[in-house]
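[1] Here's a sequence, model it:
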Amino acid sequence: MSAAVLQLVGVTQQYGEGETSVSALSGVDLTVDKGELVAIMGASGSGKSTLLSIAGGLQKPTSGEVVVEGTYLSTATRRDLAQLRRRSLGFVFQDFNLIPTLTAVENVTLPLELDGFRARVARRAGRDALASVGLEDKLDSYPDDLSGGQQQRVAIARAVVGGRRLILADEPTGALDSVTGEAVMKMIRHRVDQGAAGILVTHEPRHAAWADRIVFLRDGRIIDESQRRGADALLSDAR
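    As a prediction, the model looks like this:
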């Protein structure tokens, strides 16, 4: 049985038409297995965030196929996609994307409640997820009462609650100090080691070093990749 959680096959994303068209991605093939963290690196405009958005079903590619846990996103209904995002996909963004009028635990449990979980069951899962990131004493705090690092940990708890199997992180440490950023990377790594698959978009070599594999994008194409044991040399060249 395949261990692949995510497969991108010949994915192309084109904006505009004719002479003014721009290719954000061009024929990208990428597979991410269970228990594997893949870092995506490249210059601004290389297609990193577009790849992540397509992998999470937030936008459809111009051509190619995206498969998440055996579900072909090209033929999935809007309802199927919404259900997949609630149950299988966890997103971690640089700007946290927390709802300011909800407490920490309410932010974490919202996807579960939208999926029909009873409030008591959802709160228990949210409490456990926040405890796993060291915020068991901040359940009822609002985002404005939390530090940037604490808000990002709430976002990670929301991304993993309910046993999500694919974690998609877009520059999750960009707004954090170096110590907090390393702690966030440790949390993402831990979730992957527990059996999730993960994609990390980053421009920081020290954070990419947490990955099992590093993929380099340039002008929407994969130009190089390395397993962990060969990553140091490639990261050195990329600096």
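
[2] show me where the protein has strands.
    For the chain, the strands defined by DSSP state E occupy 4-15, 22-33, 37-41, 63-68, 71-72, 89-93, 166-170, 197-201, 213-218, 221-227.

[3] TSV for the ones you listed, including mean pLDDT?
    Listed next are those as TSV, based on pLDDT from 0 to 100:
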stretch	mean pLDDT
strand 4-15	95
strand 22-33	94
strand 37-41	96
strand 63-68	95
strand 71-72	92
strand 89-93	89
strand 166-170	94
strand 197-201	95
strand 213-218	94
strand 221-227	86
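
[4] Turn these into JSON lines, columns for mean neighbour count and distance to G181.
    The way it works is simple: take the backbone N, C-alpha and C, and place the C-beta from them, glycine included. Conversion of the strands of the chain to JSON lines gives the following (neighbours: other Cβ atoms under 10 Å; distance: least, Cβ to Cβ, whole Å):
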{"stretch": "strand 4-15", "mean neighbour count": "19", "distance to G181": "24"}
{"stretch": "strand 22-33", "mean neighbour count": "18", "distance to G181": "22"}
{"stretch": "strand 37-41", "mean neighbour count": "26", "distance to G181": "14"}
{"stretch": "strand 63-68", "mean neighbour count": "18", "distance to G181": "27"}
{"stretch": "strand 71-72", "mean neighbour count": "14", "distance to G181": "32"}
{"stretch": "strand 89-93", "mean neighbour count": "23", "distance to G181": "12"}
{"stretch": "strand 166-170", "mean neighbour count": "24", "distance to G181": "12"}
{"stretch": "strand 197-201", "mean neighbour count": "26", "distance to G181": "12"}
{"stretch": "strand 213-218", "mean neighbour count": "21", "distance to G181": "17"}
{"stretch": "strand 221-227", "mean neighbour count": "15", "distance to G181": "22"}
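
[5] CSV please, covering those strands and showing distance to Q83.
    As requested, the strands of the chain are exported to CSV (distance: least, Cβ to Cβ, whole Å):
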stretch, distance to Q83
strand 4-15, 16
strand 22-33, 21
strand 37-41, 24
strand 63-68, 11
strand 71-72, 10
strand 89-93, 10
strand 166-170, 14
strand 197-201, 18
strand 213-218, 28
strand 221-227, 30
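
[6] Go ahead and flag the most central residue of this protein.
    L168 (0.9 Å; Cα atoms, centre = their mean).

[7] In contact with A129, which residues are there?
    Applying Cβ atoms under 8 Å, 6 or more residues apart in numbering, we find A129 in contact with V108, A157, R158, V160, V161.

[8] Most neighbours among these, which one is it?
    V108 (31 neighbours; other Cβ atoms under 10 Å).

[9] who touches that residue in this structure?
    G126, A129, L130, V154, A157, R158, V161.

[10] Columns distance to G148 on top of these, output as JSON lines?
    Shown next, in JSON lines, are the contacts of V108 (distance: Cβ to Cβ, whole Å):
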{"residue": "G126", "distance to G148": "21"}
{"residue": "A129", "distance to G148": "19"}
{"residue": "L130", "distance to G148": "16"}
{"residue": "V154", "distance to G148": "11"}
{"residue": "A157", "distance to G148": "15"}
{"residue": "R158", "distance to G148": "16"}
{"residue": "V161", "distance to G148": "21"}
